[in-house]
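Peer 1: starting from these lines, generate the structure:
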Amino acid sequence: MARLKHSLISGTTLSQLVIVANEKGGQGKSLIALAVADHAYLHGARLGIAQVDAQYRLAHALGRNVLTIAPVAKDARRDPAAEARSFTPLYGLIEKAAGRGASVLIDTGANQATRLAHWSGLVDLAEDLTLWKVAITLIVPYVAEAEGMRQAAQTATLLRDRIPQGRLVLVENERDGSFAQLHPASDAASVHRTMIAPLKAQATTLRMPSIEAGSWRPFEAARCRFVQVAQMPVEKVMTVTGLPRPEAKIVRGDVAGWTATVFDELDHVLPWSKRGGAHG
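Peer 2: You can find the predicted model right below:
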């Protein structure tokens, strides 16, 4: 458990806006967004959380309200300005957080990054973020398959076009295998070579190891957080998972080890402020 105990980062940092996005679903966005939220919690960072989506997985896991910017397709047909107005609460959340020296995490669902990027350009969000002294981190996860990487590259390019001062962080999700072992003649290797590699030259790349689905799934179903699982008594793990003690210890260890690795990776890109208490 000691590996998960992070000390507060010294020095003063700017408020952070962290956007997790990939237009394609199933790339690990929810996992990395929850990890970012827990990473902020362990560092005592004040964090507002929003999702551009209609699902509530992050809110359920965190046990707190999450600002939701849901699709408004029907309204938009009658009133084109409705789409832009739907994002106004998000603007208010970011502005308020910046004024308090707090940070904001935006979890962007599948097929929603274009909406966020379009609105950001429409209101010239980049200009306000500079004015408010907010540091931006754009986190784009993807798995080792062609379409996921293709959409990741397009998402990263789109967001950086609208928020050019954002720091790009690519997260290689090893759920479907190692990127180093992509067959050179495969479509996936071609996309990685032609679309991802050029972005890597301008980005920070993090590794997200595979997490055993059978290990995490019962905790996810029980709406647990990573930090909760890592410190959960084995008796509680047995209750949550329905597993006997030896297997309960194994699945808890799987999740704790994954969490420690991902937190170590996030340490490189998320210098949270030590001001304020934990609001994760």
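Peer 1: how far away is H39 from L270?
Peer 2: 6 Å (Cβ to Cβ, to the nearest Å). C-beta coordinates here come from the backbone N, C-alpha and C atoms, glycine included.
Peer 1: equivalent analysis for R100, please.
Peer 2: 18 Å.
Peer 1: and for K200?
Peer 2: In this view, K200 and L270 are 19 Å apart by Cβ to Cβ.
Peer 1: between R100 and L270, tell me which one has more neighbours.
Peer 2: L270 (23 against 13; other Cβ atoms under 10 Å).
Peer 1: in this protein, which spans are helices?
Peer 2: Counting by DSSP state H, residue ranges of the helices within the chain are 29-42, 57-62, 73-78, 81-86, 88-100, 113-122, 125-131, 146-162, 187-191, 197-200, 213-221, 226-230, 234-241, 245-266.
Peer 1: lowest-scoring secondary structure element of the protein by mean pLDDT?
Peer 2: Among the helices and strands of the chain, helix 73-78 carries the lowest confidence by mean pLDDT, DSSP states H and E, at a mean of 61.
Peer 1: for the single longest strand found in the chain, C-alpha coordinates in CSV please.
Peer 2: With secondary structure taken from DSSP state E, the chain has its longest strand at strand 134-143. Coordinates of each C-alpha in strand 134-143 appear next as CSV, following Å, rounded to 0.1, in the frame of the first residue of the first chain:
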residue,chain,number,x,y,z
VAL,A,134,-5.0,27.7,-16.2
ALA,A,135,-2.6,25.0,-17.4
ILE,A,136,-4.2,22.5,-19.9
THR,A,137,-3.5,18.8,-20.2
LEU,A,138,-5.2,16.9,-23.0
ILE,A,139,-5.1,13.2,-22.3
VAL,A,140,-5.9,10.9,-25.2
PRO,A,141,-6.0,7.1,-24.4
TYR,A,142,-6.0,4.4,-27.1
VAL,A,143,-5.6,0.7,-27.4
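Peer 1: which neighbours does it have in its sheet, and in what orientation?
Peer 2: strand 15-20 (parallel), strand 167-173 (parallel) (DSSP bridges).
Peer 1: mean neighbour count, those strands: which tops it?
Peer 2: strand 15-20 (a mean of 26; mean count of other Cβ atoms under 10 Å).
Peer 1: can you give me phi and psi for D124?
Peer 2: The phi and psi values for D124, taken as degrees, to the nearest 10, are phi 50, psi 50.
Peer 1: that one and G99, how far apart?
Peer 2: When D124 is compared with G99 (using Cβ to Cβ), they lie 19 Å apart.
Peer 1: also E220?
Peer 2: 34 Å.
Peer 1: before we move on, what about T239?
Peer 2: For T239, the distance to G99 - Cβ to Cβ - is 43 Å.
Peer 1: between these two, who's got more neighbours?
Peer 2: T239 (13 against 10).
Peer 1: nearest residue to the middle of this structure?
Peer 2: The residue lying closest to the centre of the chain (Cα atoms, centre = their mean) is A33, at 2.8 Å.
Peer 1: quick check, pLDDT for that one.
Peer 2: At A33, the model reports a pLDDT of 95.
Peer 1: list the contacts for it?
Peer 2: Contact analysis of A33 by Cβ atoms under 8 Å, 6 or more residues apart in numbering lists V20, L58, L105, D107.
Peer 1: and if you look at S178?
Peer 2: The contact partners of S178, by Cβ under 8 Å, 6+ apart, come to A144.
Peer 1: and with 10 Å instead?
Peer 2: By Cβ atoms under 10 Å, 6 or more residues apart in numbering, S178 lies in contact with A144, E172, R207, P209, S210.
Peer 1: can you list the domains in this structure?
Peer 2: 14-210, 215-269 (automatic domain parsing).
Peer 1: what bridges to T68?
Peer 2: Q51.
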